[in-house]
Every structure is written in structure tokens, then in C-alpha cells.
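*Asks:* Starting from these lines, generate the structure:
(2 chains)
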Protein chains: 2
Amino acid sequence: MQRIGIVGIGLIGGSLALALRRSRPALRILGVDVDARALEQALQDRAIDEHATPDSAPFGECDAVVLAQPAHALLESILPVAASLRPGAVLTDVCGSKEAVCARGGQQQRVVFVGAHPMAGTEFRGFGAASATLFGGATVAICPPAGGPEGERSRALALVRDLWRAAGARNLLDVQPAEHDRAVTFASHLPYLAAAMVVESLSKASDLAPLARELAAGGFRDTTRLAGDGTVGGAASLNRHVPEALRELSDRMRALADELTRDPGDTLDRLGRLADTRRAMKLPPRT
Amino acid sequence: MQRIGIVGIGLIGGSLALALRRSRPALRILGVDVDARALEQALQDRAIDEHATPDSAPFGECDAVVLAQPAHALLESILPVAASLRPGAVLTDVCGSKEAVCARGGQQQRVVFVGAHPMAGTEFRGFGAASATLFGGATVAICPPAGGPEGERSRALALVRDLWRAAGARNLLDVQPAEHDRAVTFASHLPYLAAAMVVESLSKASDLAPLARELAAGGFRDTTRLAGDGTVGGAASLNRHVPEALRELSDRMRALADELTRDPGDTLDRLGRLADTRRAMKLPPRT
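*Replies:* Okay, the predicted model is just below:
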């Protein structure tokens, strides 16, 4: 691979460019974005070698293109970008929702589409928050190749795996799109949406907000950190499993409220067991 | 103050002992706990000078006693401990729920009770997680003195303020118990209960749990960190404002699920605005 295009030079796309610059210095990186200032900054920081707007980008000269825009823009760009690639090139993406995206990638036969999802992020956005080490040690979910000539699929998959290894990822996970979306619903989208609703609750209790902020210890900050990232919502809104899971979460909360009124002792036991359950999950430590 | 008793030598009580040992080396600290091993450990680490079980503790020899047990045990110990103190001593506590606790403290006239709530914690529990710096720079909510002789109240309040300054607290906040509990409902108890229900959702989706855990990036860990602390539930269950706030949060989630099905575009705008709202809260940075 000699030339790669990255569409969307924000936190994820910008971090990928910076990581590839470091591990593959000979690779030529084309940055594509609607935001001219982000492109200028990325060029100045040597994250990219050249830049273009989406309408005028020379995609036909790229060996691979990574779509890293916000979810809806990303979904809508798959077919147009695929159509502008040369045969043999590989199209991939970073979206946190995979069923809709991989299905769209399979709707064309020009190039192989390989959906991927790096499990990394911060509550900050934009190229200003990008870092060459964002994907260091990260897990990346990679879906089966879709679309394009069948004979090119295994090479395309190998290219995408190689790309994420070069970016620093440690754990490449082969998953089916539907399986991915159901798991991410619980691992990422419910925590995000719950955090957002907790922030909304506080902001609506406007008489209390100043005191509540003063009384907010690290717990509120950590619990609602995800809510600061409005872009996760895009992937959540493309995920067909989310509304039902959110309704179930809503039911759990109502049942908990009733239980707290009726039988605080049992509720405490249940919450204590959940604390044990979480400990048993052996989540990766903060890095 | 020459001698202080701390009942409950866990994360909070143990950290208070360690902090006072450092800033007030001449102060004699009596550790009281039902757990003999925690007391032995605290004695070995020189967090306390002497120890006793709750039934046999020489409370009558203390100038002040801090109640730092789990919420329900703490509430039930207020009247018995107050009755065993000598006149002129001060009784205080660290519970995250203040209305029920301060009302109980006001039900006796032997000593002045001053309810306090240090806004600090981790997801770890017990003396093993205690640290002399846990309260460094922390905010502590302090409620008006209750019970005891009226003429001793201002001295009792001054003693409790001095205690938390000595423990490293930066911001001592005078609050009414009801005002505190309503604010903490949003700042702490809703985030905690939402986190616990998110963990429960994942643990019930047992077919997905292994993959979801692999796909859980820092977002899940941070969002559910609070859920690892089963003790917050005790304070939440004493807080009469929690069930209603939890029902409202449940309603918000159901409405969001409906909105995501019906009009994803508007939902995304709303989530983006919430991200802005959270940024405008200027939460304290991770320390």
C-alpha cells in the first residue's frame, strides 16, 4: 500500500493518520474533510501529505480509503466513494454501528468493503484531540468483507488487519455485523445514552444545578464522561437494537424506583451483587 | 480536641484517620469497627492508636466521634452512640444522605450532632483502599448543628469544620439537609443507579456478555465505575427524593427510545446539545 485516503480528519481519522505516519513513514496520506481548518492543521502537523474536500478528492489514486466521518455522513458516503475508487482498491470505515454500514458496503460490486470499529475514544472531538497513541493496545472489531469481487476479499481483509496493527491495535476481533451491534448496544450505546439522560436530568433540575455541580464528586464526572461525546449518538441511532435495549433499561429503572420505595433492604442486596458482578467482569484498567 | 473516635474504619473512616494522623500527630484516634481484621490492619498502619468493637468502645472518653459506617448501620447508631458520649462532646458523620441522618441526630439532647458529607470516593472499599490524601482538595457539605444544648452548637460546628480542613478538604459548603439530598440525587445517586442498571443490562444479556466485554472500551469502564461501589446504594435508599427522580429518568429513557425510532435526526441534535450542556458545567478535572 502506497497511498491511503482518510475521510474525516477528526479524533479518529486524525489519530489514525498520526499513528500511520509514525509506523509507516513511506505511506502517502490524503486527508479529506469538509472542514478546511482541520485539514490545514493536519497538514501543518504532518499527519497528512495532501488534502482535499470530499467532492474533489482524488480517491481514484488511493490503494485504500478509510471512512471516518460522523455516522450518518459516513453511511451516505459509502456508495459514492466506492464508485470513485479504482478496481482493486479497498474501502473500509470506523463506524461504531456495523449492520447498516456493512449492508450498504455490500450494495456495490466495484471494490471490497471491510467494516471495522476501533474501540477507542475520548470525550474530546476533532483533530485537536487526535493522538498517535489513541489506538495503542486497543481492540478493533473487524467484519467480514462485503461487496466487490469475491476473489479480492481475503486480500482486502488482510490489508485492513495490517492497517490496524500498524496503528497500534493489539486485539483484532472477527465479528459478524449483527453480533457486533448487539454487543456494542450494551457495551457502549446504553452507557452513553444513560449518561446523556443523567446529564439531562441534572440540567432540567435548574434550581439545583449550581449546588449539584458543587456536590458532584468524581462519580458524576466519570459516569457522564461519555455524554460529552455527542458523536456516539450517530452510531447509536444507526443501531437497530438500541431502542429495545433502551426501553428495557427504562423498565429496570422504574422497577428499581418501586423497589427502593417498597423494600430498600432487598434493593441494597441487589445493588451489592451488581457491584460484585462488575468486579467479576475484569474490565481493562484505565490506561 | 485530644481524642477522636471513628466508627467504621473503611475507605472513608480509614482515610480520615490516615489524614488526621498526618496533620494532627498529637491527636489520639480510637478506631471502632465490627471487623477485627480491619482494626488490626489500621493499627499496624498507625492509622489508629487503639481500637474497639462498637459494643465496648469507650465513647465517653472521646471529644468527638465520627460515624463512618454503611448508611443504614450509621443511621441506627446515632442515638446509642450519642447516649454514650459525655456532655460537651460532638457527634458527626459522613453519610451521603443528610435529611434522615440529621433528623435522627436532632432526636436527642445530650450532644450536638453536625451532619457532614465529604464528596470523595473510589470504586474500591475497605481500609485497604483508604488513603491519607483521599480528601485533598475535596468539597465537604456541612449541615446545621442539630440536637444537644443550643449554646454548644457554634463550637460543635467549628470543630467539624476544623476536622475537615485538617483532613485536606478545600471547600466547606454550608447546606440544609433537604437541599443537600435533592442536589445529591442528581449529582451522585442517579449517576450511580443508572450505572448499576447498565451493568445489570449487560449481565442479563448473557449470550452477549463475553463479546460485549471485549468490545467495552474505556467508556463502559468509566460510565459504570460508580456501580462498583455498592455502598452508595445505602445513602440512595435513605434519600426520599431518589425514587421520583429515578422514575423521571426512566421516562426520559423511554422517550429517547421512541424518539430514536421515530426521528433519529432530532434525537442526535438533542444529544449533541447535551454534550454542549455538560461541557458548560465545567466539571472539575480528574485529579
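*Asks:* which SSE is A:Ala236 in?
*Replies:* If you go by DSSP states H and E, A:Ala236 is part of helix A:232-238.
*Asks:* again with A:Ala194
*Replies:* Applying DSSP H and E, one finds A:Ala194 within helix A:190-204.
*Asks:* Show me where chain A has its strands.
*Replies:* A:3-7, A:28-32, A:50-52, A:64-67, A:90-93, A:112-118, A:139-142, A:171-174 (DSSP state E).
*Asks:* Give the other helices and strands that the longest one contacts.
*Replies:* The reference is to strand A:112-118. Secondary-structure packing of strand A:112-118 (3 or more C-beta pairs under 8 Å, 6 or more residues apart in numbering or on different chains; DSSP states H and E): strand A:90-93, helix A:99-105, strand A:139-142, helix A:153-166, helix A:177-184. All C-beta atoms are positioned from the backbone trio N, CA, C, and that covers glycine.
*Asks:* What lies in contact with it?
*Replies:* Residues from elsewhere that reach strand A:112-118 (C-beta atoms under 8 Å, 6 or more residues apart in numbering or on different chains): A:12, A:78, A:82, A:90-96, A:98, A:101-102, A:105-106, A:135, A:138-143, A:145-149, A:152-153, A:155-157, A:159-160, A:164, A:167, A:169, A:177, A:180, A:184.
*Asks:* Can you tell me how far the residue lying closest to A:His189 once chain neighbours are set aside is from B:Arg221?
*Replies:* Among residues not flanking A:His189 along the chain, A:Ala236 sits closest, at 4.2 Å (C-beta to C-beta, 6 or more residues apart in numbering or on different chains). Distance, A:Ala236 to B:Arg221, using C-beta to C-beta, to the nearest Å: 18 Å.
*Asks:* Same check on A:Ile142?
*Replies:* 22 Å.
*Asks:* out of the two, which sits in the busier spot?
*Replies:* More crowded of A:Ile142 and B:Arg221, by other C-beta atoms under 10 Å in any protein chain shown: A:Ile142, with 23 against 19.
*Asks:* Give the bridge partners for that one, please.
*Replies:* A:Ala116, A:Asp174 (DSSP bridges).
*Asks:* give me every residue that touches it.
*Replies:* Going by C-beta under 8 Å, 6+ apart, A:Ile142 touches A:Val114, A:Gly115, A:Ala116, A:His117, A:Leu157, A:Val160, A:Arg161, A:Trp164, A:Leu172, A:Leu173, A:Asp174, A:Val175.
*Asks:* Tell me who's in contact with the residue most central in space within chain A.
*Replies:* Nearest to the geometric centre of chain A sits A:Gly96, at 4.0 Å (C-alpha atoms, centre = their mean). Going by C-beta under 8 Å, 6+ apart, A:Gly96 touches A:Ala71, A:His117, A:Val184, A:Ser188, A:His189, A:Val232, A:Gly234, A:Ala235, A:Ala236.
*Asks:* what's A:Ser97 sitting at in phi/psi?
*Replies:* Main-chain dihedrals, A:Ser97, degrees, to the nearest 10: phi -130, psi 130.
*Asks:* Can you give me the distance of it to B:Glu76?
*Replies:* Here A:Ser97 is placed at a distance of 50 Å from B:Glu76 (C-beta to C-beta).
*Asks:* Kindly report the same for A:Arg37.
*Replies:* Computed with C-beta to C-beta, the distance linking A:Arg37 and B:Glu76 is 61 Å.
*Asks:* ok, now A:Ser56?
*Replies:* 73 Å.
*Asks:* Likewise for A:Gly233?
*Replies:* Taking C-beta to C-beta, one finds A:Gly233 at 45 Å from B:Glu76.
*Asks:* Pick out whichever of these two has more residues nearby.
*Replies:* Of the pair A:Gly233 and B:Glu76, A:Gly233 is the one with more neighbours under other C-beta under 10 Å, namely 29 against 12.
*Asks:* Can you report how many residues neighbour the closest residue to that one other than its chain neighbours?
*Replies:* Distances taken as C-beta to C-beta, 6+ apart put B:Leu271 closest to A:Gly233, at 3.8 Å, once the chain neighbours are dropped. Other residues near B:Leu271 number 27, with proximity taken as other C-beta under 10 Å.
*Asks:* pLDDT value on B:Leu271, please?
*Replies:* We have a pLDDT of 85 for B:Leu271.
*Asks:* tell me the contacts of the closest residue in space to A:Gly234 that isn't next to it in sequence?
*Replies:* Nearest non-adjacent residue to A:Gly234, counting by C-beta to C-beta, 6+ apart: A:Ala71, 3.1 Å away. By C-beta under 8 Å, 6+ apart, the residues touching A:Ala71 are A:Cys95, A:Gly96, A:Ser97, A:Thr231, A:Gly234, A:Ala235, A:Ser237, A:Leu238.
*Asks:* circling back: what's the offset of the helix holding A:Ala236 from the middle of its chain?
*Replies:* Chain-centre distance of helix A:232-238: 9 Å, with C-alpha atoms, centre = their mean, to the nearest Å.
*Asks:* which one's the longest helix in chain A?
*Replies:* The residue-count maximum for a helix in chain A (DSSP state H) belongs to helix A:242-262.
*Asks:* now that one: mean pLDDT?
*Replies:* Averaged across helix A:242-262, pLDDT comes to 94.
*Asks:* Next, see if that helix gets close to chain B.
*Replies:* Yes: Helix A:242-262 is in contact with chain B by C-beta under 8 Å from any C-beta of the partner chain, via A:242-254, A:256-258, A:260-261.
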